[in-house]
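Novice: Just a sequence and a predicted model for now, questions to come.
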Amino acid sequence: MSGNRTPQDKVKVMFVCMGNICRSPSAEGVFHYMAQTSALKDYIEVASSGTHDSHVGQPADARSHRAALERGIDLSLHRAKHFKREHFEEYDYILVMDRSNYEAVMRLCPNGAQDKVHYFLDFAPQLNVREVPDPYYGGPKGFDHVLDLIEAASTGLLSEIRDRFVDPPPVHPEINV
């Protein structure tokens, strides 16, 4: 995973949580939105999945969808998918939300692909927290907190992708990355 990319050779990002109905679809939606409104919009492809298959085919949790909509991000087309070993071949970044997700993903990880797996919040070191908490059993404020964390990490990830894969980065002075 290195070198310059072209719009035809996109950087592929997979977000992973437990059921793929709260955190990872929120991360997918936020990051997609931020990428599409940046100079990197043609260089990035985004997806999400879950380490458990109990919600496969279901839409994003209504509370996640509502919190995202309040920020202008629509999760209505999302349908939960299960994380698979094959994703290691397809994606450049596999970004997990917490330790449980990390361990589940690493159990499937083939030799040589470990460097693709990261805690998503490692891209927001200023937060001094590594795990995105699961808001499923909490109240509405938990979903807003998750989105705040995701936005901070998305900014850091966009910077990393720009610096690592797009050299020189495309210049659009009206759009910040």
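Specialist: All right, it came through fine.
Novice: In this structure, mark out all the strands, start to finish.
Specialist: Remark: strands assigned in the chain by DSSP state E are 11-17, 44-50, 93-96, 117-119.
Novice: Across the sheet, point out what pairs with the residue nearest the centre of the chain.
Specialist: Central residue of the chain (Cα atoms, centre = their mean): Phe15, 3.7 Å from the mean position. Beta-bridge partners for Phe15, by DSSP bridges, are Ser48, Leu95.
Novice: circling back to that earlier point, would you mind saying which of the strands of the chain lies nearest Tyr136?
Specialist: Nearest to Tyr136, of all the strands of the chain, is strand 11-17, at 9.5 Å by Cβ to Cβ. Placement of C-beta: from N, CA and C, glycine included.
Novice: Counting by contacts, list what that closest one packs against.
Specialist: Contacts defined by 3 or more Cβ pairs under 8 Å, 6 or more residues apart in numbering; DSSP states H and E place strand 11-17 against helix 23-36, strand 44-50, helix 87-90, strand 93-96, helix 99-108, helix 140-165.
Novice: just checking, what packs against the fourth one?
Specialist: When you say that, I think you mean strand 93-96. Short answer (3+ Cβ pairs under 8 Å, 6+ apart): strand 93-96 packs on strand 11-17, helix 99-108, strand 117-119.
Novice: between the ones you listed, which one is nearest to Ala60?
Specialist: strand 11-17 (11.1 Å).
Novice: before we move on, back to that, tabulate the helices and strands packed on strand 93-96 (TSV), appending mean pLDDT and distance to Asp92.
Specialist: Converted to TSV, the helices and strands packed on strand 93-96 look like this (pLDDT from 0 to 100; distance: least, Cβ to Cβ, whole Å):
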stretch	mean pLDDT	distance to Asp92
strand 11-17	98	5
helix 99-108	98	14
strand 117-119	98	11
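Novice: May I see the ones you listed organised as CSV, with distance to Glu28 added?
Specialist: As requested, the helices and strands packed on strand 93-96 are exported to CSV (distance: least, Cβ to Cβ, whole Å):
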stretch, distance to Glu28
strand 11-17, 5
helix 99-108, 14
strand 117-119, 15
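Novice: Let me know which of these is tucked in deepest.
Specialist: strand 11-17 (a mean of 26; mean count of other Cβ atoms under 10 Å).
Novice: For Gly139, find the nearest of the strands of the chain.
Specialist: strand 11-17 (18.5 Å).
Novice: can you pull the contacts of Cys17?
Specialist: Going by Cβ atoms under 8 Å, 6 or more residues apart in numbering, Cys17 touches 23-24, 27, 48, 50-51, 96-98, 101, 132, 134.
Novice: So which of those is the closest to Glu160?
Specialist: Closest approach to Glu160 among these (Cβ to Cβ): Ala27, at 14.9 Å.
Novice: Surely the closest one is in contact with Phe15?
Specialist: Yes. Between Ala27 and Phe15 a contact is recorded at 4.0 Å, counting by Cβ atoms under 8 Å.
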